[in-house]
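Q: whatever this is, show me its structure:
(chains A and B)
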Amino acid sequence: MARTDLWSGLLLTLFGALIFWRASTFPSMAGLVYGPGLFPSIAAVGLMVCGALLLVSALVIQGRTMAAGAADRAEADHRPSMDRRRAGARLAALVLIVAGFGLALEPLGFHVTSILAITATARLFGLNLLRALCLSVPLTFGVHLLFYSVMHVPLPWGVMTPLAW
Amino acid sequence: MDIDTLLRLFSPQSLTVLALCTLYGTLVGAMPGLTATMAVALLVPFTYFMDPLVAISAIVATTTTAIFAGDIPGALLRIPGTPASAAYVEDAFQLSSAGKSRSTLLVSLLAASIGGIVGVVLLALIAPQLARVAIGFSSYEVFWLATLGLSCAVMTSNASVIKSFASLFIGLFIACIGIDVAVGHPRFTFGWYELFDGVSFIPAIIGLFALSEIMRAASTGRHQPPPIEVRETLPQAFREAITTLTRYRRNVARSSVAGTLIGALPGAGADIAAWICYAFSKRFSRHPERYGKGHIEGIVDGGSANNAAIGGAWTPALVFGIPGDSVTAIAIGILLLNGMSPGPRIFTDNPEIVHTLYGAFAMANVLMIPVGIIVIALSSKIVRIPRRVLMPIVLLFSLVGAYAITNSVVAVWIVLALGILGYAMEATGFPLAPAILGIVLGGIVEENFMTSMIKSQGNLLAFFERPWAAGLGVLTLLVWMVLLCQALYEGYRRQRALSFNTPKREPR
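A: All right, here's what the predicted structure looks like:
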């Protein structure tokens, strides 16, 4: 835990400092010291304090364990690195699918995009292509029926516009 | 309640609408990514075609059941259907993992029903008195109330105090995004107009709770323990639920009353009621160490409190037009659309509205039991769907559900950004719940803080000058003291653990 704490502490401190700096550029109300920047600054200071505390305690722990001659191997990830790399790849693939959904939703339309995205997600989770399609096509039309036809959510048609009903 | 109102409530039209909305609320609440707020928001177009009194019944039935049904995806998938279920989602999920999903959900169904009925009885009995107290509330009291809710979120989380606070500040920062309340300056929007209204709450919660869960499922690969199994028959679960409720009857009574009172305070809705009652439950329990690890007691308290709070939340909504939570905010909009403006005069000018509201509440809470049992019996089937089928479905519902709230692709980006954030936080031991509460309450805290600061010319002592503000303020400071002691104790324990050279894992 100490190593992740070190990094998250560092990240939080830097992020807090960034917010604090941005918030200090906001204009304040005439004649008042507090303006739109005050509340973000409070949150930023909170983040910096929490981050610094995490950082310091992680450093202390790391220092002590080093001194005691026991690196925090005990807390290291037990999974082989190959597994971890695969997990990372699967995560990245999922993020790409969601990002792709966001990018393609309006130009391609809801139907094409969601069939593609759901097929890809189902493949990612281990369904074969045929079963993934058997899931994504009825699911897309089910969601269309529920959201577009029943709930009247204006789902974009995109390239399917000529077929819109 | 007069005969006329009763007759109208039991008319075939009104009964049909009540039954349909109970079913609708339960189903929508039970679907991950579809929240109580969304259930009500989607109901708005339908209420145009209804009699105003029937419309009120429809809203009431939908909210009541959706708040309960939010427990279903919480227990089965660890995705709270509504923010009100977030307080005890960990307990519910752990119990389900141990094969007790049905009895857990039945406990929350029955606790919710009792809580809801207690809530409406209290609303009818003491609404005028509560209103008289709350009518004097200024920005100071509201500020303290919201701050107390946030502090309770830190107190109830099972992670380290520092990480819980960090999570809270992340939430407060997210709440800052958009046009600021004081002078209208855009903050952290980077010129993106869609962010001027702030980060929409529903895409945010979908990202933090739903997408992060899908991401975790993806990263753990196929070597995952088998999905939650239902090992109870319905009668068995029912008997166990009754035994549990009888054992914790005092918790039900306490949290139903407390939940109604908390819900009745402006700005505090079902979610804050659940958090505070969960925190109280943990403090007064004989087994506080079991909370968050699959202990039913917190579910009894939270489950009855959040449904009781819906009744309570209507007090400020009806009396001042101040919504208790996002759901009542939409409800107020519907009342206005139907030509009824909520305010103190509604009690004298349109008593039939108030009476219909009470009646609809009571009936929805009774109808919820049979409908809830059916949905619980069916919902347990969700867990038998393999993850490789379930996760793509959850993903599509999450993305389309988020899109439906804003009708813009920005919702998808919010889901993605907060999904990554939620995954990273979970992976490094930061609790999500304080962040969610920070997002919900950040705006309320800031608005009332800024108003108070401007009123008092920056004098912080003014926050303690009024009696109610002083009481709430002192209570909040006490919670902070407790948290400080907790943090110091944590540090001390870590040091000790180190000096004995036994590396201890962070409690999660």
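
Q: so how far is B:Met50 from the residue positioned nearest the centre of chain A?
A: Residue closest to the mean C-alpha point of chain A, counted by CA atoms, centre = their mean, is A:Val95 at 7.7 Å. Separation of A:Val95 from B:Met50 (CB to CB, to the nearest Å) stands at 43 Å. All C-beta atoms are positioned from the backbone trio N, CA, C, and that covers glycine.

Q: how's chain A carved up into domains?
A: A:1-64, A:85-160 (the TED database).

Q: do the longest one and chain B meet?
A: Yes - applying CB under 8 Å from any CB of the partner chain, one finds that domain A:85-160 is in contact with chain B at A:86-88, A:90-91, A:93-95, A:97-99, A:101-102, A:105-106, A:110, A:114, A:117-118, A:121-122, A:124-127, A:132, A:135-136, A:139-140, A:143, A:147, A:151-155.

Q: could you list the low-pLDDT ranges of the stretch 251-400 of chain B?
A: B:265-268, B:316-317, B:319-334, B:336-348, B:380-386 (pLDDT under 70).

Q: 90 instead?
A: In the predicted model of the stretch 251-400 of chain B, residues B:251-252, B:260-276, B:278-299, B:306, B:309-362, B:374-400 satisfy pLDDT under 90.

Q: what sits closest to B:Cys277 if chain neighbours are left out?
A: In this structure, B:Cys277 finds its nearest non-sequential neighbour in B:Ala305, 3.6 Å apart by CB to CB, 6 or more residues apart in numbering or on different chains.

Q: pull the helix or strand hosting B:Leu399 out as CSV, backbone CA atoms only.
A: In this assignment (DSSP states H and E), B:Leu399 forms part of helix B:387-406. Output of helix B:387-406 as CSV, limited to C-alpha atoms (Å, rounded to 0.1, in the frame of the first residue of the first chain):
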residue,chain,number,x,y,z
ARG,B,387,-20.8,-11.5,-16.3
ARG,B,388,-19.8,-11.5,-20.0
VAL,B,389,-23.5,-11.0,-20.9
LEU,B,390,-24.4,-8.8,-18.0
MET,B,391,-21.5,-6.3,-18.2
PRO,B,392,-22.2,-5.2,-21.8
ILE,B,393,-25.9,-4.7,-20.9
VAL,B,394,-25.0,-2.7,-17.9
LEU,B,395,-22.6,-0.6,-20.0
LEU,B,396,-25.2,0.2,-22.6
PHE,B,397,-27.8,1.1,-20.0
SER,B,398,-25.3,3.3,-18.2
LEU,B,399,-24.3,5.1,-21.3
VAL,B,400,-27.8,5.6,-22.7
GLY,B,401,-29.2,6.4,-19.2
ALA,B,402,-26.6,9.1,-18.9
TYR,B,403,-27.3,10.4,-22.4
ALA,B,404,-31.0,10.5,-21.7
ILE,B,405,-30.5,12.9,-18.8
THR,B,406,-28.6,15.5,-20.7
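
Q: if we can go back for a sec, can I get the domains of chain A in CSV with distance to B:Gly311 and mean pLDDT?
A: Converted to CSV, the domains of chain A look like this (distance: least, CB to CB, whole Å; pLDDT from 0 to 100):
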stretch, distance to B:Gly311, mean pLDDT
domain A:1-64, 32, 85
domain A:85-160, 27, 89
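
Q: element containing B:Val60, please.
A: Under the criterion of DSSP H and E, B:Val60 resides in helix B:52-69.

Q: near chain A at all, that helix?
A: No - Helix B:52-69 does not reach chain A (CB under 8 Å from any CB); its nearest approach is 13.3 Å.

Q: now swap in stretch B:77-89 and tell me
A: No - applying CB under 8 Å from any CB, one finds stretch B:77-89 out of contact with chain A, separated by at least 14.5 Å.

Q: list the buried residues in the lengthiest helix in chain A.
A: Longest helix of chain A, by residue count under DSSP state H: helix A:38-67. For helix A:38-67, burial by neighbour count (16 or more other CB atoms under 10 Å in any protein chain shown) applies to A:38-55, A:57-58, A:61-62, A:64-65.

Q: cool, and stretch B:440-460?
A: Under the neighbour-count criterion of 16+ other CB under 10 Å, stretch B:440-460 has B:440-453 buried.

Q: and the stretch 401-508 of chain B, which of its residues are near chain A?
A: So the stretch 401-508 of chain B meets chain A at B:403-404, B:407, B:409, B:412-413, B:415-416, B:419-420, B:423, B:427-430, B:445-446, B:449-450, B:453-454, B:458, B:491, B:494, B:498, B:501, B:503, B:505-506 (CB under 8 Å from any CB).

Q: next one: the stretch 101-250 of chain B
A: Contacts of the stretch 101-250 of chain B with chain A, taken as CB under 8 Å from any CB, map to B:162-163, B:165-166, B:168-170, B:172-173, B:176, B:180, B:182-183, B:185, B:187-188, B:211, B:214-215, B:217-222.

Q: quick check: B:Val394 touching B:Ile206?
A: No - counting by CB atoms under 8 Å, B:Val394 does not reach B:Ile206; the two are 9.9 Å apart.

Q: who has more neighbours, those two?
A: With neighbours defined as other CB atoms under 10 Å in any protein chain shown, B:Val394 and B:Ile206 compare such that B:Ile206 has more, 32 against 26.

Q: what about the residue nearest to B:Cys277, neighbour count?
A: Using other CB under 10 Å, B:Ala305 has 40 neighbouring residues.

Q: got a list of what it touches?
A: By CB atoms under 8 Å, 6 or more residues apart in numbering or on different chains, B:Ala305 lies in contact with B:115, B:255-256, B:258-259, B:262, B:270, B:273-274, B:276-278.

Q: mind listing which of these are in strands?
A: Of these, none are assigned to strands by DSSP state E.

Q: thanks a lot, catch you later.
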